[in-house]
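**Student:** My questions concern the predicted model and sequence given below.
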Amino acid sequence: MAAVILIWTLVATLASLALFFASRIVSCRASRKRAVGFFHPYTNDGGGGERVLWCAVKAVQEERPDLDCVVYTGDHDASPDSLMARAIDRFGVKLLRPPEVVHLCKRKWVEETTYPRFTMIGQSLGSMYLSWEALCKYTPSFYFDTSGYAFTYPVARIFGCVVMCYTHYPTISTDMLSRVRHRTSTYNNEASIAQSFWLSRCKIIYYIIFSWMYGFVGSCTHLAMVNSSWTRSHIEKLWRIPDRIKRVYPPCDTSGLQALPLERPVTVPTFISVAQFRPEKAHVLQLEAFELSMRKLDADMPRPKLQFVGSCRNKSDEDRLESLKVRAVELKVERDVEFHKNVMYRDLVKLLAGATAGLHSMIDEHFGISVVEYMAAGAIPIAHKSAGPKMDIVLEEDGQQTGFLAQNVEEYADAILKIIRMPESGRVNMAAAARKRACRFSEQRFYEDFKAAIRPVMGTSSS
């Protein structure tokens, strides 16, 4: 008898929950606003993803002025005016009007520190909970994800939204599976797992299951914009919706940076590295390559300088920055290395104006906005030989080399030395070719392609 009562109690509880969720969804669907909701929980990350957010908001404001733009953010100090000011101060993007703001209280459910193990699935399921909070607070006609939370798409569909996304990087890729199969140790494949046959087998199974889930939720979007050829090839394989996928290169500030002179000070060659202080950006590799190039430097050659410029999202990034400073001391190059944290856009432009070359070392960087910014500013890029930089950016322009591609410490050090030893006329010629190629990835080109992509889904303004 007790078992029967327990079963009926469980059934009644589940039925009550189902009824609650159903009634909430019906209520929210009925009160949908004529608006575009941008799901971007971290509006203070300072990276290329945030630049895409503000350019996307501006593009929608221009294309559909009859629709309100709303930003879902977990940053509780964010306000319409502060976000509008941030867009122009940090990225030079002037919005037509301040966006509305919906504050999210459950952002901890998408933070990687919440999930020491099974981080991908944890953050993905957590994003569903966070999007539930967002859509219950404000239900727009159009839901736009600019942070790569694909698991929120079926939730938005349930709420009756037209779903669109701008995907910078697939949450999982065949490259990740390959590294686990070959037991390669990287920032997202710990050495303890890579060294164990059985743990590697288990992780492969986990990745296969997750990739199937990722493919299903991704296919729920009405429009998927991707930022590069590399990302498009992976998303097409995983989501299987090729007719709904459009390649739209991210917005790069090529026009403002192109006004900088190509000539640079020859007394102190300066190498700049612009990237958030995240593990996948491989700052240590750059530091070690710089130190190796210093050891190989000819006695009569000028002593170079290295500038790290980036933002910190959280304490882990802060700790990573501090450990990088410690590593510079260990390598005895601390007097030749500078660290610039959370700089304003105008200060970044000044630093780029004095840079001879720019360093980038992330493996499988989906695109590489910083690489394009180097090229537009007249700094010769030294980028990782993979994904976006290899397939889209650091390619010849009119038969002229536009930069260097490298894969390890030695290759990066050799590229640094080549640039230091390069005659000024040769450096200027290469920088000019790189600048010309950077025009392909301008902010204006982004606006044109972005609007063309959303027009069939959103229509045109009726006002």
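**Tutor:** Perfect, I can see it now. Numbers count the residues shown, from 1 in each chain.
**Student:** just for the stretch 351-463 of the chain, where's the confidence low?
**Tutor:** Within the stretch 351-463 of the chain, the segments meeting pLDDT under 70 span 461-463.
**Student:** Show me where it has its strands.
**Tutor:** 357-359, 380-384, 404-406 (DSSP state E, counting those that start in this stretch).
**Student:** ranking those strands by burial, who's on top?
**Tutor:** strand 357-359 (a mean of 30; mean count of other Cβ atoms under 10 Å). (C-beta placed from N, C-alpha, C; glycine too.)
**Student:** mind checking the SS state of residue 233?
**Tutor:** Put simply, residue 233 is helix when judged by DSSP: H, G, I helix; E, B strand; the rest coil.
**Student:** Would you mind listing the residues in contact with it?
**Tutor:** By Cβ atoms under 8 Å, 6 or more residues apart in numbering, residue 233 lies in contact with nothing.
**Student:** so where is this structure shaky, pLDDT-wise?
**Tutor:** 1-21, 23, 175, 177-200, 266, 461-463.
**Student:** Show me the domain layout of it.
**Tutor:** 27-251+444-458, 254-441 (automatic domain parsing).
**Student:** re the thing from before, which one, of the strands of the stretch 351-463 of the chain, ends up nearest to residue 427?
**Tutor:** Ranking the strands of the stretch 351-463 of the chain by proximity to residue 427 (Cβ to Cβ) places strand 380-384 first, at 6.7 Å.
**Student:** Relative to the closest one, what are the paired strands and their orientations?
**Tutor:** Using DSSP bridges, strand 380-384 pairs in its sheet with strand 357-359 (parallel), strand 404-406 (parallel).
**Student:** Relative to the whole chain's centre, how far out is the first one?
**Tutor:** Per Cα atoms, centre = their mean, to the nearest Å, the displacement of strand 357-359 from the mean C-alpha position of its chain is 19 Å.
**Student:** With residue 94 as the reference, name the closest of the strands of the stretch 351-463 of the chain.
**Tutor:** strand 357-359 (25.9 Å).
**Student:** re the thing from before, let's have the strands of the stretch 351-463 of the chain in TSV, adding distance to residue 126.
**Tutor:** As requested, the strands of the stretch 351-463 of the chain are exported to TSV (distance: least, Cβ to Cβ, whole Å):
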stretch	distance to residue 126
strand 357-359	34
strand 380-384	30
strand 404-406	36
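**Student:** Please identify which of the ones you listed is closest to residue 32.
**Tutor:** Of all the strands of the stretch 351-463 of the chain, strand 380-384 comes closest under Cβ to Cβ, at 43.5 Å.
**Student:** And the strands in the chain?
**Tutor:** Taking DSSP state E as the test, the strands found in the chain are 33-39, 68-73, 100-103, 140-145, 162-167, 223-226, 245-247, 270-274, 305-310, 337-341, 357-359, 380-384, 404-406.
**Student:** mind putting those in TSV, distance to residue 289 included?
**Tutor:** Listed next are the strands of the chain as TSV, based on distance: least, Cβ to Cβ, whole Å:
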stretch	distance to residue 289
strand 33-39	37
strand 68-73	37
strand 100-103	42
strand 140-145	36
strand 162-167	31
strand 223-226	30
strand 245-247	31
strand 270-274	10
strand 305-310	10
strand 337-341	12
strand 357-359	8
strand 380-384	9
strand 404-406	8
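**Student:** Pick the most deeply packed of these.
**Tutor:** The most buried one of the strands of the chain (mean count of other Cβ under 10 Å) is strand 357-359, showing a mean of 30.
**Student:** Pick out the residue nearest the middle of the protein.
**Tutor:** For the chain, the residue sitting closest to the mean C-alpha position, by Cα atoms, centre = their mean, is residue 49 at 4.4 Å.
**Student:** my guess is it contacts residue 165, does it?
**Tutor:** No. The pair residue 49 / residue 165 is not scored as a contact, 12.0 Å apart, by Cβ atoms under 8 Å.
**Student:** where do the contact lists of the two overlap?
**Tutor:** Shared contacts of residue 49 and residue 165 (Cβ under 8 Å, 6+ apart): 146, 148.
**Student:** give the contact list for residue 403.
**Tutor:** 371, 374, 375, 380, 381, 382, 383, 394, 430, 434.
**Student:** How about it, nearest residue that isn't a chain neighbour?
**Tutor:** In space, residue 403 comes closest to residue 381 once its chain neighbours are excluded; the distance is 3.8 Å by Cβ to Cβ, 6 or more residues apart in numbering.
**Student:** Pairing partners for that neighbour in the sheet, please.
**Tutor:** Bridge pairing for residue 381 - DSSP bridges - gives residue 358.
**Student:** hang on, it packs against residue 404?
**Tutor:** Yes. Using Cβ under 8 Å, residue 381 makes contact with residue 404 at a distance of 7.1 Å.
**Student:** tell me the contacts of residue 249?
**Tutor:** Going by Cβ under 8 Å, 6+ apart, the list of residues near residue 249 reads 227, 228, 367, 392, 440, 441, 445, 446, 449.
**Student:** distance of the last one from residue 392?
**Tutor:** I take that to be residue 449. 14 Å (Cβ to Cβ, to the nearest Å).
**Student:** could you measure residue 373 against residue 306, distance?
**Tutor:** Residue 373 is 17 Å from residue 306, where distance means Cβ to Cβ.
**Student:** With residue 26 instead?
**Tutor:** Look at residue 26 and residue 306: by Cβ to Cβ, they are 58 Å apart.
**Student:** now the nearest residue to residue 166 once chain neighbours are set aside: how far from residue 44?
**Tutor:** Closest residue to residue 166 apart from its sequence neighbours, by Cβ to Cβ, 6+ apart: residue 225 at 4.6 Å. To residue 44, residue 225 is 23 Å away according to Cβ to Cβ.
**Student:** Then residue 86?
**Tutor:** Distance, residue 86 to residue 44, by Cβ to Cβ: 8 Å.
**Student:** repeat for residue 151
**Tutor:** Relative to residue 44, and taking Cβ to Cβ, residue 151 is found at 23 Å.
**Student:** So for the two, which residue has more residues nearby?
**Tutor:** residue 151 (25 against 17; other Cβ atoms under 10 Å).
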